[in-house]
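[1] Output the structure for:
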Amino acid sequence: MTTTGLAGRSVVVTGAGSGIGRATALAFGAQGARVVVADLNADGAETVVKDIVAAGGTALAVTGDLSEQAVVDRVTTTAVERFGGVDVLVNNAGIMDRMSAAGDVSDAEWERVIRVNLTAPFLLTRAVLPHMLKAGKGAIVNTASEASLRGSAAGAAYTASKHGIAGLTKSVAVTYRDKGIRANAIAPGGTQTGMVPDLDQGATGPTAILAYMGNVGRVATADEQAAAIVFLASDAASNINGVILPVDNGWAAV
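    Next comes the predicted model:
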């Protein structure tokens, strides 16, 4: 039987201070991986590091805005210098939009959501690829969304960003599959994370989108999403590449 093979591996998890990212960092730590806990919130990141270490694991925190190249460089350099490389990258950090329709979304909302949800994962992927190529192996797992599969799960900016993540995932998978590098993504449905969009209930977007939200089904826990991420990063998924995996209790099948 194939084992996870994660013990001793260097893993970067973004958005790891809370929600799915926190659960994922803890899960990797429990598997014996050495975890770089990257988050904008320093207190959240340090708390996760303490929890991993208290459980007998190895972790350190890097804080900052991952949409900034300097922060991306610091995360990558830290993983390489402290843990010897980057075996696994989990691009999980993200923000919600206001469910604004395309005709109503502001430049500021569009640019911030795209920057955090799509550009930051691209920057990190680009930064770690040379190290994975040198090692001849690596796994990248992105957090997409139900909104990467349909047009009725979020606003225009978030939907576009998550469709972009799906495209980035598949592009990396195809381009580097002969180099020992795999790229996959989970597409979470409703999940207990504390991320709540700032809705204008009278706006076009929420009025239209919320009418389709009755099919969400059971809301997942962050641990359930983390389990899927760890699986895709592990040796148990060694022949899985370019997949966008719904973790949504069947919502994508409705």
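
[2] next one: phi and psi at the residue positioned nearest the centre of the chain?
    Centroid-nearest residue in the chain, with C-alpha atoms, centre = their mean: residue 92, separated by 1.9 Å. In terms of degrees, to the nearest 10, the main-chain angles of residue 92 are phi -110, psi -30.

[3] mind listing what it touches?
    For residue 92, the contact set (C-beta atoms under 8 Å, 6 or more residues apart in numbering) comprises 13, 14, 15, 16, 20, 21, 24, 142, 143, 229. The C-beta positions use only the backbone N, C-alpha and C, and glycine is treated the same way.

[4] try residue 208
    Taking C-beta under 8 Å, 6+ apart as the test, what residue 208 contacts is residue 101.

[5] buried sites along the host helix or strand of it?
    Assigned by DSSP states H and E, residue 208 belongs to helix 204-209. Residues of helix 204-209 classed as buried by neighbour count (16 or more other C-beta atoms under 10 Å): 205, 206, 209.

[6] likewise stretch 146-165?
    146-150, 153-165.

[7] end-to-end on that stretch?
    12 Å (C-alpha to C-alpha, to the nearest Å).

[8] And the average pLDDT for it is what?
    Averaging pLDDT along stretch 146-165 yields 94.

[9] for the closest residue in space to residue 41 that isn't next to it in sequence, what are its contacts?
    Of all residues not flanking residue 41 in the chain, residue 17 sits nearest, at 4.6 Å (C-beta to C-beta, 6 or more residues apart in numbering). Listed by C-beta under 8 Å, 6+ apart, the contact partners of residue 17 are 37, 39, 40, 41, 43, 44, 45, 47, 48.

[10] and the residue nearest to residue 180 when sequence neighbours are not counted, what does it touch?
    Once flanking residues are discounted, residue 180 sits nearest to residue 137: 4.1 Å by C-beta to C-beta, 6+ apart. Contacts for residue 137 (C-beta under 8 Å, 6+ apart) come out as 87, 180, 181.

[11] for this protein, what are the low-confidence residue spans?
    With pLDDT under 70 as the threshold, the chain has low-confidence stretches at 1-3, 195-202, 212-214.

[12] Could you identify the longest helix within it?
    helix 156-176 (DSSP state H).

[13] Now the element after that one, going C-ward?
    Defined by DSSP H and E, the subsequent element after helix 156-176 is strand 181-188.
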